[in-house]
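# Got a predicted model here, sequence first, then my questions.
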Amino acid sequence: MERGHLSASEFRGPFDLETTVTSGQTFLWRETEDGWYRTVDGDTIIEVTESDGVIDWRSNADPTEVLNRRLGLSADLPQILEAFPSEPVVQAAKERYAGLRIVTEPVWPTLISFILSAQMRIDRIHEMVTALRKSYGPAIEWQGRTVYGFPQPETLAAATEAELRELGLGYRAPYVTETAELLRDGAVDLKAVRSMEYEAAREALTEFVGVGPKVADCVLLFGMDFDEPVPLDTWIQTAIEEYFPEAAGDSYAETSRAIRDRLGPRPGYAQTYVFTHLRTGGGEQEE
DNA sequence: GACCAGGTAGCAA
DNA sequence: TTGCTACATGGT
(Lines give C-alpha, C1' and ligand atoms only; values in the text may rest on other atoms or scores of the structure.)
Protein backbone atom coordinates (compact mmCIF):
# COMPACT_ATOMS: atom_id res chain seq x y z
CA MET A 1 0.00 0.00 0.00
CA GLU A 2 1.21 3.48 -0.87
CA ARG A 3 0.40 6.52 1.18
CA GLY A 4 0.73 10.25 0.63
CA HIS A 5 -0.96 13.57 1.02
CA LEU A 6 -2.00 16.68 -0.85
CA SER A 7 -1.69 19.92 1.04
CA ALA A 8 -3.01 23.41 0.51
CA SER A 9 0.05 24.37 -1.50
CA GLU A 10 -0.95 21.86 -4.18
CA PHE A 11 -4.45 23.18 -4.88
CA ARG A 12 -6.06 26.58 -4.63
CA GLY A 13 -8.54 27.36 -1.90
CA PRO A 14 -10.65 25.36 0.55
CA PHE A 15 -11.69 21.74 0.15
CA ASP A 16 -14.44 19.88 2.00
CA LEU A 17 -14.17 16.19 1.12
CA GLU A 18 -17.25 14.91 2.90
CA THR A 19 -19.62 17.46 1.38
CA THR A 20 -18.07 17.01 -2.05
CA VAL A 21 -18.50 13.24 -2.20
CA THR A 22 -21.84 12.96 -0.36
CA SER A 23 -23.74 15.90 -1.84
CA GLY A 24 -25.29 13.99 -4.72
CA GLN A 25 -22.84 14.81 -7.52
CA THR A 26 -21.23 11.38 -7.38
CA PHE A 27 -22.32 8.00 -6.06
CA LEU A 28 -18.94 6.32 -6.48
CA TRP A 29 -17.46 6.99 -3.03
CA ARG A 30 -18.31 4.97 0.06
CA GLU A 31 -17.24 5.55 3.64
CA THR A 32 -14.82 3.00 5.09
CA GLU A 33 -14.98 1.46 8.55
CA ASP A 34 -12.49 4.01 9.80
CA GLY A 35 -14.20 7.03 8.31
CA TRP A 36 -12.18 7.51 5.13
CA TYR A 37 -13.84 7.58 1.66
CA ARG A 38 -13.07 4.84 -0.85
CA THR A 39 -13.53 4.63 -4.60
CA VAL A 40 -12.28 2.48 -7.46
CA ASP A 41 -10.70 3.97 -10.59
CA GLY A 42 -9.93 1.23 -13.10
CA ASP A 43 -7.63 -1.12 -11.21
CA THR A 44 -6.79 1.53 -8.65
CA ILE A 45 -8.30 1.55 -5.17
CA ILE A 46 -8.21 4.99 -3.60
CA GLU A 47 -9.00 5.89 -0.02
CA VAL A 48 -8.89 9.49 1.19
CA THR A 49 -9.56 11.50 4.28
CA GLU A 50 -9.41 15.24 4.75
CA SER A 51 -8.79 17.50 7.69
CA ASP A 52 -8.50 21.28 7.51
CA GLY A 53 -8.20 21.07 3.76
CA VAL A 54 -5.29 18.63 3.78
CA ILE A 55 -5.94 15.36 1.98
CA ASP A 56 -4.34 12.09 3.06
CA TRP A 57 -4.54 9.17 0.66
CA ARG A 58 -3.74 5.47 0.63
CA SER A 59 -3.86 3.43 -2.54
CA ASN A 60 -2.33 0.64 -4.58
CA ALA A 61 -0.93 3.28 -7.00
CA ASP A 62 -0.18 6.99 -6.97
CA PRO A 63 -3.67 8.55 -7.33
CA THR A 64 -2.61 12.20 -7.42
CA GLU A 65 -3.68 12.91 -10.98
CA VAL A 66 -6.94 11.01 -10.60
CA LEU A 67 -7.77 12.86 -7.39
CA ASN A 68 -7.05 16.22 -8.98
CA ARG A 69 -9.52 15.53 -11.74
CA ARG A 70 -12.19 13.62 -9.86
CA LEU A 71 -12.34 15.89 -6.82
CA GLY A 72 -12.07 19.13 -8.76
CA LEU A 73 -8.81 20.14 -7.12
CA SER A 74 -7.47 22.00 -10.14
CA ALA A 75 -10.31 24.52 -10.02
CA ASP A 76 -9.48 27.99 -8.70
CA LEU A 77 -12.19 27.87 -6.05
CA PRO A 78 -11.57 31.28 -4.44
CA GLN A 79 -12.03 32.94 -7.82
CA ILE A 80 -15.15 30.91 -8.58
CA LEU A 81 -16.75 31.78 -5.24
CA GLU A 82 -15.81 35.43 -5.62
CA ALA A 83 -17.74 35.54 -8.90
CA PHE A 84 -20.95 34.10 -7.43
CA PRO A 85 -23.99 36.36 -7.83
CA SER A 86 -24.97 38.52 -4.86
CA GLU A 87 -28.41 36.93 -4.34
CA PRO A 88 -28.70 36.14 -0.62
CA VAL A 89 -29.51 32.45 -1.05
CA VAL A 90 -26.39 31.96 -3.17
CA GLN A 91 -24.23 33.85 -0.70
CA ALA A 92 -25.69 31.87 2.20
CA ALA A 93 -24.85 28.62 0.43
CA LYS A 94 -21.32 29.89 -0.18
CA GLU A 95 -20.81 30.84 3.46
CA ARG A 96 -22.04 27.49 4.66
CA TYR A 97 -20.30 25.17 2.19
CA ALA A 98 -17.12 26.89 0.99
CA GLY A 99 -14.89 23.93 0.13
CA LEU A 100 -17.54 22.04 -1.80
CA ARG A 101 -16.10 21.31 -5.23
CA ILE A 102 -17.64 20.09 -8.46
CA VAL A 103 -16.34 16.64 -9.32
CA THR A 104 -15.45 15.26 -12.73
CA GLU A 105 -16.23 11.58 -12.45
CA PRO A 106 -15.94 8.93 -15.19
CA VAL A 107 -18.79 9.49 -17.66
CA TRP A 108 -20.25 6.01 -17.94
CA PRO A 109 -20.85 5.43 -14.20
CA THR A 110 -22.15 9.00 -13.97
CA LEU A 111 -24.62 8.35 -16.78
CA ILE A 112 -26.01 5.24 -15.08
CA SER A 113 -26.03 6.89 -11.65
CA PHE A 114 -28.18 9.77 -12.82
CA ILE A 115 -30.51 7.51 -14.81
CA LEU A 116 -31.10 5.82 -11.46
CA SER A 117 -31.57 9.18 -9.73
CA ALA A 118 -35.05 9.82 -11.16
CA GLN A 119 -37.51 10.29 -8.29
CA MET A 120 -35.00 8.93 -5.78
CA ARG A 121 -33.33 10.25 -2.65
CA ILE A 122 -29.58 10.58 -2.62
CA ASP A 123 -28.95 7.83 -0.06
CA ARG A 124 -31.00 5.38 -2.12
CA ILE A 125 -29.20 6.28 -5.35
CA HIS A 126 -26.00 5.44 -3.49
CA GLU A 127 -27.50 2.09 -2.47
CA MET A 128 -28.53 1.25 -6.04
CA VAL A 129 -25.11 2.11 -7.47
CA THR A 130 -23.47 0.03 -4.76
CA ALA A 131 -25.79 -2.87 -5.55
CA LEU A 132 -24.79 -2.72 -9.24
CA ARG A 133 -21.12 -2.76 -8.25
CA LYS A 134 -21.49 -5.73 -5.93
CA SER A 135 -23.55 -7.77 -8.38
CA TYR A 136 -21.84 -6.94 -11.68
CA GLY A 137 -18.62 -5.05 -11.01
CA PRO A 138 -15.06 -6.35 -11.31
CA ALA A 139 -13.69 -7.67 -8.01
CA ILE A 140 -10.44 -6.25 -6.74
CA GLU A 141 -8.57 -7.56 -3.70
CA TRP A 142 -7.52 -4.82 -1.33
CA GLN A 143 -6.14 -5.09 2.20
CA GLY A 144 -7.69 -8.49 2.79
CA ARG A 145 -11.11 -7.63 1.43
CA THR A 146 -12.89 -7.59 -1.93
CA VAL A 147 -13.80 -4.22 -3.42
CA TYR A 148 -16.00 -3.90 -6.51
CA GLY A 149 -15.53 -1.43 -9.33
CA PHE A 150 -18.32 -0.16 -11.58
CA PRO A 151 -19.42 -2.70 -14.23
CA GLN A 152 -18.61 -2.16 -17.91
CA PRO A 153 -21.38 -1.29 -20.42
CA GLU A 154 -21.32 -4.75 -22.01
CA THR A 155 -21.85 -6.33 -18.59
CA LEU A 156 -24.96 -4.29 -17.83
CA ALA A 157 -26.18 -4.73 -21.41
CA ALA A 158 -26.08 -8.47 -20.80
CA ALA A 159 -28.06 -8.21 -17.56
CA THR A 160 -31.81 -8.75 -17.71
CA GLU A 161 -34.44 -6.27 -16.64
CA ALA A 162 -35.74 -8.80 -14.08
CA GLU A 163 -32.30 -9.14 -12.50
CA LEU A 164 -31.96 -5.40 -12.13
CA ARG A 165 -35.45 -5.08 -10.65
CA GLU A 166 -34.33 -7.62 -8.06
CA LEU A 167 -31.72 -5.07 -7.00
CA GLY A 168 -34.47 -2.54 -6.32
CA LEU A 169 -33.99 -0.37 -9.41
CA GLY A 170 -37.72 -0.36 -10.12
CA TYR A 171 -38.86 1.10 -13.43
CA ARG A 172 -35.32 2.34 -14.12
CA ALA A 173 -34.12 -1.23 -14.74
CA PRO A 174 -34.86 -1.28 -18.49
CA TYR A 175 -33.40 2.23 -18.85
CA VAL A 176 -30.09 0.85 -17.59
CA THR A 177 -29.96 -2.18 -19.87
CA GLU A 178 -31.10 -0.23 -22.93
CA THR A 179 -28.66 2.61 -22.35
CA ALA A 180 -25.87 0.07 -21.83
CA GLU A 181 -26.77 -1.51 -25.17
CA LEU A 182 -26.77 1.85 -26.95
CA LEU A 183 -23.33 2.67 -25.61
CA ARG A 184 -21.93 -0.80 -26.29
CA ASP A 185 -23.20 -0.58 -29.87
CA GLY A 186 -21.76 2.88 -30.39
CA ALA A 187 -25.12 4.57 -31.00
CA VAL A 188 -23.86 7.63 -29.15
CA ASP A 189 -20.24 8.77 -29.20
CA LEU A 190 -19.47 10.23 -25.78
CA LYS A 191 -16.14 11.57 -26.98
CA ALA A 192 -17.93 13.58 -29.64
CA VAL A 193 -20.46 14.85 -27.11
CA ARG A 194 -17.63 16.16 -24.96
CA SER A 195 -16.51 18.51 -27.69
CA MET A 196 -19.96 19.81 -28.58
CA GLU A 197 -21.39 23.17 -27.63
CA TYR A 198 -23.34 22.87 -24.38
CA GLU A 199 -26.97 22.79 -25.56
CA ALA A 200 -26.16 20.42 -28.43
CA ALA A 201 -24.36 18.14 -25.98
CA ARG A 202 -27.37 18.10 -23.67
CA GLU A 203 -29.63 17.24 -26.58
CA ALA A 204 -27.29 14.49 -27.77
CA LEU A 205 -27.29 12.73 -24.40
CA THR A 206 -31.09 12.45 -24.41
CA GLU A 207 -30.59 9.83 -27.12
CA PHE A 208 -30.00 7.40 -24.26
CA VAL A 209 -33.03 5.81 -22.61
CA GLY A 210 -33.95 7.30 -19.26
CA VAL A 211 -32.03 10.47 -20.04
CA GLY A 212 -34.00 13.69 -20.31
CA PRO A 213 -32.63 17.24 -20.04
CA LYS A 214 -32.11 17.16 -16.26
CA VAL A 215 -30.16 13.90 -16.21
CA ALA A 216 -28.19 15.07 -19.24
CA ASP A 217 -27.26 18.26 -17.38
CA CYS A 218 -25.97 16.24 -14.44
CA VAL A 219 -23.85 14.05 -16.70
CA LEU A 220 -22.36 17.08 -18.45
CA LEU A 221 -21.70 18.91 -15.16
CA PHE A 222 -20.37 16.04 -13.02
CA GLY A 223 -18.91 13.76 -15.68
CA MET A 224 -17.79 15.87 -18.63
CA ASP A 225 -16.38 19.05 -17.13
CA PHE A 226 -19.00 21.42 -18.59
CA ASP A 227 -19.45 24.69 -16.64
CA GLU A 228 -22.86 25.74 -17.96
CA PRO A 229 -25.36 23.08 -16.89
CA VAL A 230 -27.85 24.05 -14.18
CA PRO A 231 -29.73 20.79 -13.54
CA LEU A 232 -33.37 21.76 -12.97
CA ASP A 233 -34.44 19.26 -10.35
CA THR A 234 -37.29 19.69 -7.86
CA TRP A 235 -35.13 21.64 -5.40
CA ILE A 236 -33.85 24.10 -7.96
CA GLN A 237 -37.27 24.50 -9.55
CA THR A 238 -38.59 25.53 -6.14
CA ALA A 239 -35.62 27.83 -5.59
CA ILE A 240 -36.24 29.51 -8.92
CA GLU A 241 -39.88 30.16 -8.06
CA GLU A 242 -38.86 31.61 -4.72
CA TYR A 243 -35.65 33.49 -5.43
CA PHE A 244 -35.54 34.00 -9.21
CA PRO A 245 -39.21 34.07 -10.28
CA GLU A 246 -38.44 36.10 -13.40
CA ALA A 247 -36.27 33.21 -14.65
CA ALA A 248 -39.14 30.70 -14.66
CA GLY A 249 -39.84 29.91 -18.30
CA ASP A 250 -42.29 27.74 -20.23
CA SER A 251 -39.84 24.97 -21.00
CA TYR A 252 -36.73 23.37 -19.57
CA ALA A 253 -34.56 24.96 -22.26
CA GLU A 254 -35.99 28.40 -21.64
CA THR A 255 -35.69 28.29 -17.85
CA SER A 256 -32.20 26.87 -18.22
CA ARG A 257 -31.06 29.82 -20.32
CA ALA A 258 -32.68 32.37 -18.00
CA ILE A 259 -31.23 30.98 -14.78
CA ARG A 260 -27.78 30.55 -16.34
CA ASP A 261 -27.77 34.25 -17.10
CA ARG A 262 -28.37 34.98 -13.41
CA LEU A 263 -25.84 32.66 -11.80
CA GLY A 264 -22.61 34.25 -12.99
CA PRO A 265 -19.71 32.85 -15.02
CA ARG A 266 -19.91 29.36 -13.41
CA PRO A 267 -23.63 28.57 -13.30
CA GLY A 268 -23.11 24.90 -12.49
CA TYR A 269 -21.01 25.72 -9.46
CA ALA A 270 -23.58 28.16 -8.10
CA GLN A 271 -26.37 25.66 -8.73
CA THR A 272 -24.57 22.89 -6.84
CA TYR A 273 -23.97 25.14 -3.84
CA VAL A 274 -27.62 26.23 -3.73
CA PHE A 275 -28.86 22.67 -4.22
CA THR A 276 -26.75 21.42 -1.31
CA HIS A 277 -27.73 24.33 0.89
CA LEU A 278 -31.47 23.94 0.32
CA ARG A 279 -31.50 20.15 0.46
CA THR A 280 -29.86 20.25 3.90
CA GLY A 281 -32.33 22.68 5.39
CA GLY A 282 -30.95 26.04 4.31
CA GLY A 283 -33.50 28.70 3.54
CA GLU A 284 -36.20 27.35 5.83
CA GLN A 285 -36.00 30.28 8.20
CA GLU A 286 -36.17 32.87 5.47
CA GLU A 287 -39.45 34.40 4.48
C1' DG B 1 -52.36 6.09 3.86
C1' DA B 2 -50.96 10.14 1.52
C1' DC B 3 -46.82 12.44 -0.05
C1' DC B 4 -42.17 12.81 -1.73
C1' DA B 5 -37.54 11.80 -3.75
C1' DG B 6 -31.46 15.40 -8.15
C1' DG B 7 -37.64 12.78 -13.99
C1' DT B 8 -38.64 10.37 -18.14
C1' DA B 9 -41.26 7.74 -21.66
C1' DG B 10 -45.29 7.24 -24.09
C1' DC B 11 -49.26 8.94 -25.84
C1' DA B 12 -53.14 12.27 -26.98
C1' DA B 13 -54.48 16.64 -28.87
C1' DT C 1 -44.50 20.88 -30.15
C1' DT C 2 -46.92 20.87 -25.45
C1' DG C 3 -49.52 18.65 -21.63
C1' DC C 4 -50.94 14.77 -19.02
C1' DT C 5 -50.05 10.22 -16.59
C1' DA C 6 -47.86 5.87 -15.17
C1' DC C 7 -43.97 4.32 -13.30
C1' DA C 8 -40.95 1.13 -8.40
C1' DT C 9 -39.42 1.68 -4.06
C1' DG C 10 -38.67 3.06 0.65
C1' DG C 11 -38.83 6.79 4.13
C1' DT C 12 -41.56 10.25 6.81
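Sure, I can see it. Residues are numbered from 1 along each chain as shown, chains lettered A, B, ... in the order given.
# use CA for all of it now, contacts and neighbours both
Noted.
# these two touch, right, A:F15 and A:V103?
No. Assessed by Cα atoms under 8 Å, A:F15 is found out of contact with A:V103, at 11.7 Å.
# Apart from its chain neighbours, what residue comes closest to A:I236?
A:F275 (6.4 Å; Cα to Cα, 6 or more residues apart in numbering).
# Whether the helix or strand hosting that neighbour contacts DNA strand B - can you check?
A:F275 is part of helix A:267-279, with elements assigned from DSSP states H and E. Yes. Helix A:267-279 lies within reach of DNA strand B by Cα under 7 Å from any atom of the strand, at A:Q271, A:T272, A:F275, A:R279.
# what about the closest residue in space to A:T39 that isn't next to it in sequence, how many neighbours?
Using Cα to Cα, 6+ apart and skipping residues adjacent in sequence, the residue nearest A:T39 is A:W29, 4.8 Å away. A:W29 sits with 19 neighbouring residues when counted by other Cα atoms under 10 Å.
# Spell out which parts of the stretch 1-150 of chain A neighbour DNA strand B.
So far as Cα under 7 Å from any atom of the strand goes, the stretch 1-150 of chain A lies against DNA strand B at A:S23, A:G24, A:Q25, A:F114, A:I115, A:S117, A:A118, A:Q119, A:M120, A:R121, A:I122, A:D123.
# Now do the same contact list for the residue nearest to A:T39.
By Cα atoms under 8 Å, 6 or more residues apart in numbering, the contact set of A:W29 is A:V21, A:T22, A:Y37, A:R38, A:T39.
# if we take these, which one ends up nearest to DNA strand C?
When these are compared for distance to DNA strand C (Cα to the nearest atom of the strand), A:T22 wins out at 16.7 Å.
# burial count for A:G13?
Other residues near A:G13 come to 18 when the count uses other Cα under 10 Å.
# surely it meets A:I80?
No. Judged on Cα under 8 Å, A:G13 makes no contact with A:I80 at a distance of 10.1 Å.
# near DNA strand C, which residues of the stretch 51-200 of chain A?
Within reach of DNA strand C by Cα under 7 Å from any atom of the strand, the stretch 51-200 of chain A has these residues: A:Q119, A:M120, A:R165, A:E166, A:G168, A:L169, A:G170, A:Y171.
# which pair in those spans the largest distance?
Every pair in those was compared (Cα to Cα); the two farthest apart turn out to be A:Q119 and A:E166, at 18.2 Å.
# Work out for me the element A:G72 sits within.
Applying DSSP H and E, one finds A:G72 in no helix or strand.
# Contact partners for the closest residue to it other than its chain neighbours?
The shortest distance from A:G72 to any non-neighbouring residue, by Cα to Cα, 6+ apart, is to A:V103 (5.0 Å). Contacts for A:V103 were tallied using Cα under 8 Å, 6+ apart; they are A:T20, A:Q25, A:T26, A:R69, A:R70, A:L71, A:G72, A:F222, A:G223.
# how about TSV for those, with pLDDT, secondary structure and neighbour count added?
Putting those into TSV (pLDDT from 0 to 100; DSSP: H, G, I helix; E, B strand; the rest coil; neighbours: other Cα atoms under 10 Å) gives the following:
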residue	pLDDT	secondary structure	neighbour count
A:T20	98	helix	21
A:Q25	98	coil	25
A:T26	98	coil	26
A:R69	97	helix	17
A:R70	98	helix	21
A:L71	98	coil	21
A:G72	97	coil	22
A:F222	98	helix	25
A:G223	98	helix	23
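# which SS class is A:I55?
Following DSSP: H, G, I helix; E, B strand; the rest coil, A:I55 is assigned to strand.
# Among the contacts of A:V103, which one sits closest to A:G186?
Checking these against A:G186 with Cα to Cα, the nearest one is A:G223 at 18.5 Å.
# Could you measure from that closest one over to DNA strand C?
Distance, A:G223 to DNA strand C, using Cα to the nearest atom of the strand, to the nearest Å: 24 Å.
# List the contacts of that residue.
A:V103, A:T104, A:E105, A:P106, A:V107, A:T110, A:L111.
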